[in-house]
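Colleague: generate a structure from the sequence data that follows.
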Amino acid sequence: MSYQLFNDANCIRIQQTLANNETKVLMVSKEQIRTIDIVKTKFVRIDIGEGALKNIFLNYQEVTFPTVNSAGELRDHINALMKSEIYDGDAPKEATLEEVSGRLGGIEFILRDIQKQGESVPKLEPIFVDESNPNVIYKGWATVVGIGSEPIWAIQKISQINDIITHEWADGNRFYDNIWDNRLQLQYAPFLADSIVY
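Modeller: Next comes the predicted model:
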C-alpha cells in the first residue's frame, strides 16, 4: 500500500494504491483541516475537526509522492499544500488584495454602464409599439434597428385595470436583452432605479 499527495486548488487529494493496484482517492477540503502534526515519530495526523476517529493518519514511509525522508518533511509538505496565491496560511498577500481591489473597480464601471443603459431607454422613442390588446400596450426599444427575434430589446408593458394604469418592464429592468417576439410570455415588474447596485 502506498500514498500520493496532490494539490487540487481548494482540496488536498490523497491517492491510495492498494496491493492489488486498485486506487482510492480521498479529497480533503483545505478549509476543513484544523491541524497537521506528528504522532509516534513516523505518522502525520491530519485533524479534520470531526473527532479523533475521523482524523487521517499517514505513515511517511508509505508516501511515494512526494518523496520524503521523515514525518517532519511530510508535515511540512502538507502545510505547503495548504497555501495558495490567495491564501498564504495567515492573510491574503498585499499583491492579491491589490488585484482584487482592481477587479472590483472594473466591475463598478461595468455596473455603472449597465445602469446608464437602462436609464437612457425612456429618453428615446420606442421602435415598436403593440396596441393590439385594448387593455395593454407594449413598447420596445432596441440598441440597433433589428428584428423582433433578436435579444436586443428593452420592453415596457403598460396595462390598465379599471382606473389604474401600471407601467412595468420585462425582467423588471430596462436592459436591452429581451426578444420582442416573446413580449407576451415575458415576466414584467415595476422598474425601481434604486434597486440597481452601483
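Colleague: identify the bridge partners of L58.
Modeller: Counting by DSSP bridges, L58 is bridged to V44.
Colleague: quick one, phi psi at G172?
Modeller: Dihedral pair for G172: phi 70, psi 10, per degrees, to the nearest 10.
Colleague: biggest strand in this structure by residues?
Modeller: strand 151-161 (DSSP state E).
Colleague: check which residues of it are buried.
Modeller: Residues of strand 151-161 classed as buried by neighbour count (16 or more other CB atoms under 10 Å): 152-157. For every residue, glycine as well, the C-beta is placed using N, CA and C.
Colleague: ok now the next helix or strand after it, how far from the chain's centre?
Modeller: Once the chain leaves strand 151-161, the next helix or strand it forms, by DSSP states H and E, is strand 164-170. A distance of 33 Å separates the C-alpha centroid of strand 164-170 from that of its chain, computed with CA atoms, centre = their mean, to the nearest Å.
Colleague: chain center to the helix or strand that comes right after strand 164-170: distance?
Modeller: Moving toward the C-terminus from strand 164-170, the first helix or strand encountered (DSSP H and E) is strand 178-179. The chain centroid and the centroid of strand 178-179 are separated by 25 Å under CA atoms, centre = their mean.
Colleague: cool, and stretch 65-84?
Modeller: With CA atoms, centre = their mean, you get 30 Å for stretch 65-84.
Colleague: CA atoms only for it, dumped as CSV, please.
Modeller: Taking Å, rounded to 0.1, in the frame of the first residue of the first chain, the C-alpha atoms of stretch 65-84 are listed here in CSV:
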residue,chain,number,x,y,z
PHE,A,65,4.9,11.2,-3.8
PRO,A,66,6.3,13.5,-2.7
THR,A,67,9.5,11.7,-1.7
VAL,A,68,10.1,12.4,1.9
ASN,A,69,12.6,11.1,4.4
SER,A,70,10.8,11.8,7.7
ALA,A,71,7.4,12.6,9.2
GLY,A,72,8.6,16.2,9.6
GLU,A,73,9.2,16.6,5.9
LEU,A,74,5.8,15.1,5.1
ARG,A,75,4.1,17.5,7.6
ASP,A,76,5.9,20.5,6.1
HIS,A,77,4.9,19.4,2.6
ILE,A,78,1.2,19.2,3.6
ASN,A,79,1.5,22.6,5.2
ALA,A,80,2.9,23.9,1.9
LEU,A,81,-0.1,22.4,0.0
MET,A,82,-2.4,24.4,2.3
LYS,A,83,-1.0,27.7,0.9
SER,A,84,-2.1,29.3,-2.4
